[in-house]
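**Q** next comes the sequence, and after it the predicted model I'd like to discuss.
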Amino acid sequence: EVQLVQSGGGLGQPGGSLRLSCACSGFPFRTIDMGWVRQVPGKGPEWVSTITSGGYATYYLDSVKGRFTISRDNAKNIVYLQMNVLKPEDMAEYYCVTVHRSWTSFDYWGLGAPVIVSS
């Protein structure tokens, strides 16, 4: 059974930092590209970042470049999203996802973690 168990997130101040973690099991983690997607109520999902299976390449939504960092630990089957210099527009539900090999869809989703940016 595929499981993507998220932790982290919560309340962060503008300019502050939060970290999301996603512990994965039930699939060959080290062979799968991983990503993060966020969604604001009433809007569609927005891709945030992707990291390739070996962790050698990372990609970001323009609005988070230089502020967010995606990483992974293939020994522990965990993917992370470090979010720095938080902005109010970062407030959303964040989902850990597995990236389909076509890079056009996401096969599995975590349950989501809220990120609230407020002073």
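**A** Looks like it came in fine.
**Q** which one is residue 4 nearest to, not counting chain neighbours?
**A** Nearest non-adjacent residue to residue 4, counting by C-beta to C-beta, 6 or more residues apart in numbering: residue 110, 3.7 Å away. (Glycine included, C-beta is placed from N, CA and C.)
**Q** for the residue nearest to residue 8 when sequence neighbours are not counted, helix, strand, or coil?
**A** Once flanking residues are discounted, residue 8 sits nearest to residue 20: 4.3 Å by C-beta to C-beta, 6+ apart. Under DSSP: H, G, I helix; E, B strand; the rest coil, the three-state class of residue 20 is strand.
**Q** who's residue 20 bridged to?
**A** Beta bridges link residue 20 to residue 8, residue 81, judged by DSSP bridges.
**Q** tell me the pLDDT of it.
**A** Per-residue confidence (pLDDT) for residue 20: 98.
**Q** tell me how far it lies from residue 66.
**A** 18 Å (C-beta to C-beta, to the nearest Å).
**Q** next one: residue 105
**A** Residue 105 is 27 Å from residue 66, by C-beta to C-beta.
**Q** check residue 117 too.
**A** 17 Å.
**Q** between the two, which one's more packed in?
**A** Taking neighbours as other C-beta atoms under 10 Å, residue 117 and residue 66 compare with residue 117 leading, 19 against 10.
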